[in-house]
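Asker: Structural data only, the sequence is not supplied:
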């Protein structure tokens, strides 16, 4: 009973997150939606493992080829997810197909091998690798299985290293999906990569040992599947906390945005700007720590592309810097009125959401720590 529960636990976790993360692109972030698709791959893998380790010999053969393909895709797809958090705006085959070619080719060749192998030989070999050792088709499958295992192990290493590189180089973009205005110290993005590192190490070790070695060693399965379930749960939980918009992308002015803003009459631009300034100067919308550029667009009856372009053109600032400038003015006012307020109180009442966000904004604006800036005031 315990073994069955543990074998099914990652199935339940991935199915739960696949459904929970799914939604509308306008309401949720693109990486979050992509993560809901990613969860389908470990779902297939662990369903297959459940059939295998439960000795369901009549059902598992139908899942074996699909399991091999999903295993080859899971780490490249997770790497694509990190690219969506950092350097890519949307998923497209034109951009990301290169990460999926090798898994697809290997899985196709393996599938051909399965097709040409006599059914009895194939079904027996799946649960007894020493069976039909003289069969040419079985030897071909053994070579393909070994190649798939090698490629899988390489993908684990490359994916983890690639994710680490992306975080090191583009950590702000990744973190902005969890905080609207440069909050925190990249704990969320690092937690995501740490989760896949732990899961990758476990997958690496279990792949080296092989499934037949694990078949009658329940304790290893208990430990391994607990790790897999926990890490997948963390990954899903981090995904569901993402914001609908990454402000970093919105604050980048590009040719398309500038072209679109050129198409708007100057009078309309000024009306949008006037409405936006009312929201900031009179209604103090910046005090909302969860503020996004979508909120501004909805408040003034425009879209985030126009808002971003207008801010960039009128103030030569990005969205984050523009909002933080208002929050820092509010912060200065509060400090001068009451120098003894704690940083936590100041962060909350000025719209920063956290002390880390406050400190980062002050340093970006002044080049000084909060304490140094406070003394100067």
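Answerer: Thanks, I have it. All of these numbers come straight from a predicted model, not from anything done at the bench.
Asker: In the chain, where is pLDDT below threshold?
Answerer: 24-27, 171-173, 175-176, 178-187, 243-264 (pLDDT under 70).
Asker: Now do the strands in it.
Answerer: With DSSP state E as the definition, the chain shows no strands.
Asker: Longest helix in it, please.
Answerer: helix 136-175 (DSSP state H).
Asker: what's that one packed up against?
Answerer: helix 61-86, helix 101-116, helix 119-127, helix 187-209, helix 247-250 (3 or more C-beta pairs under 8 Å, 6 or more residues apart in numbering; DSSP states H and E). (Glycine included, C-beta is placed from N, CA and C.)
Asker: Dump those to CSV, plus distance to residue 298.
Answerer: Shown next, in CSV, are the helices and strands packed on helix 136-175 (distance: least, C-beta to C-beta, whole Å):
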stretch, distance to residue 298
helix 61-86, 24
helix 101-116, 41
helix 119-127, 55
helix 187-209, 25
helix 247-250, 14
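Asker: can I get the ones you listed in TSV with distance to residue 348 and mean neighbour count?
Answerer: Below are these laid out as TSV (distance: least, C-beta to C-beta, whole Å; neighbours: other C-beta atoms under 10 Å):
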stretch	distance to residue 348	mean neighbour count
helix 61-86	27	22
helix 101-116	47	16
helix 119-127	59	16
helix 187-209	19	18
helix 247-250	20	22
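Asker: Report the separation between the residue in the chain sticking out farthest from the centre and residue 141.
Answerer: Centroid-distance maximum for the chain: residue 134 at 45.8 Å, with C-alpha atoms, centre = their mean. Distance of residue 134 to residue 141, given as C-beta to C-beta, to the nearest Å: 13 Å.
Asker: what do you get for residue 297?
Answerer: 56 Å.
Asker: In terms of neighbours, single out the busier of these two.
Answerer: residue 141 (23 against 20; other C-beta atoms under 10 Å).
Asker: can I assume the more buried one is in contact with residue 122?
Answerer: Yes. With contacts counted by C-beta atoms under 8 Å, residue 141 reaches residue 122, the gap being 7.4 Å.
Asker: Give the residues shared as contacts by those two.
Answerer: Common contacts of residue 141 and residue 122 (C-beta atoms under 8 Å, 6 or more residues apart in numbering): residue 114.
Asker: what's the burial count for the closest residue to residue 36 other than its chain neighbours?
Answerer: The shortest distance from residue 36 to any non-neighbouring residue, by C-beta to C-beta, 6 or more residues apart in numbering, is to residue 21 (3.5 Å). Look at residue 21: counted by other C-beta under 10 Å, it has 21 neighbours.
Asker: repeat for residue 303
Answerer: Applying other C-beta under 10 Å, I find that residue 303 has 15 neighbouring residues.
Asker: before we move on, the earlier item: got the buried residues for the longest helix of the chain?
Answerer: By 16 or more other C-beta atoms under 10 Å, the buried positions in helix 136-175 come out as 137-138, 140-141, 144-145, 148, 152-153, 155-156, 159-160, 162-164, 166-167, 170-175.
Asker: Equivalent analysis for stretch 10-19, please.
Answerer: For stretch 10-19, a neighbour-count test (16+ other C-beta under 10 Å) marks 10-11, 13-15, 17-18 as buried.
Asker: okay, those residues in TSV with distance to residue 280 next?
Answerer: What follows is the buried residues of stretch 10-19, written out as TSV (distance: C-beta to C-beta, whole Å):
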residue	distance to residue 280
10	47
11	49
13	43
14	43
15	44
17	37
18	39
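Asker: which one of those is nearest residue 69?
Answerer: Nearest to residue 69 among those: residue 14, at 16.1 Å, using C-beta to C-beta.
Asker: List the residues that contact that closest one.
Answerer: For residue 14, the contacting residues are 39-40, 42-43, 46, 232, 236, by C-beta under 8 Å, 6+ apart.
Asker: quick one: which of those residues is most hemmed in?
Answerer: residue 42 (28 neighbours).
Asker: contacting residues for that residue?
Answerer: 10, 14, 70, 74, 228, 232.
Asker: what's around the closest residue to residue 29 other than its chain neighbours, how many residues?
Answerer: Excluding its sequence neighbours, the residue lying closest to residue 29 (C-beta to C-beta, 6+ apart) is residue 242, at 4.7 Å. Neighbour count for residue 242, taken as other C-beta under 10 Å: 21.
Asker: How about residue 118?
Answerer: Around residue 118 there are 12 residues (other C-beta under 10 Å).
Asker: what do you get for residue 266?
Answerer: Neighbour count for residue 266, taken as other C-beta under 10 Å: 7.
Asker: Look up how far residue 310 lies from it.
Answerer: Residue 266 is 11 Å from residue 310, by C-beta to C-beta.
Asker: One more: residue 352?
Answerer: Here the criterion is C-beta to C-beta. By it, residue 352 lies 24 Å from residue 310.
Asker: Mind checking which of these two has more residues around it?
Answerer: The residue with more neighbours, out of residue 352 and residue 310, is residue 352; 29 against 20, by other C-beta under 10 Å.
Asker: which one of the buried residues of stretch 10-19 sits closest to residue 365?
Answerer: Nearest member of the buried residues of stretch 10-19 to residue 365, counting by C-beta to C-beta, is residue 17, at 38.4 Å.
Asker: need the contact list for the residue nearest to the closest one when sequence neighbours are not counted.
Answerer: Among residues not flanking residue 17 along the chain, residue 236 sits closest, at 3.1 Å (C-beta to C-beta, 6+ apart). Taking C-beta under 8 Å, 6+ apart, we find residue 236 in contact with 13-14, 16-17, 20-21, 35, 39.
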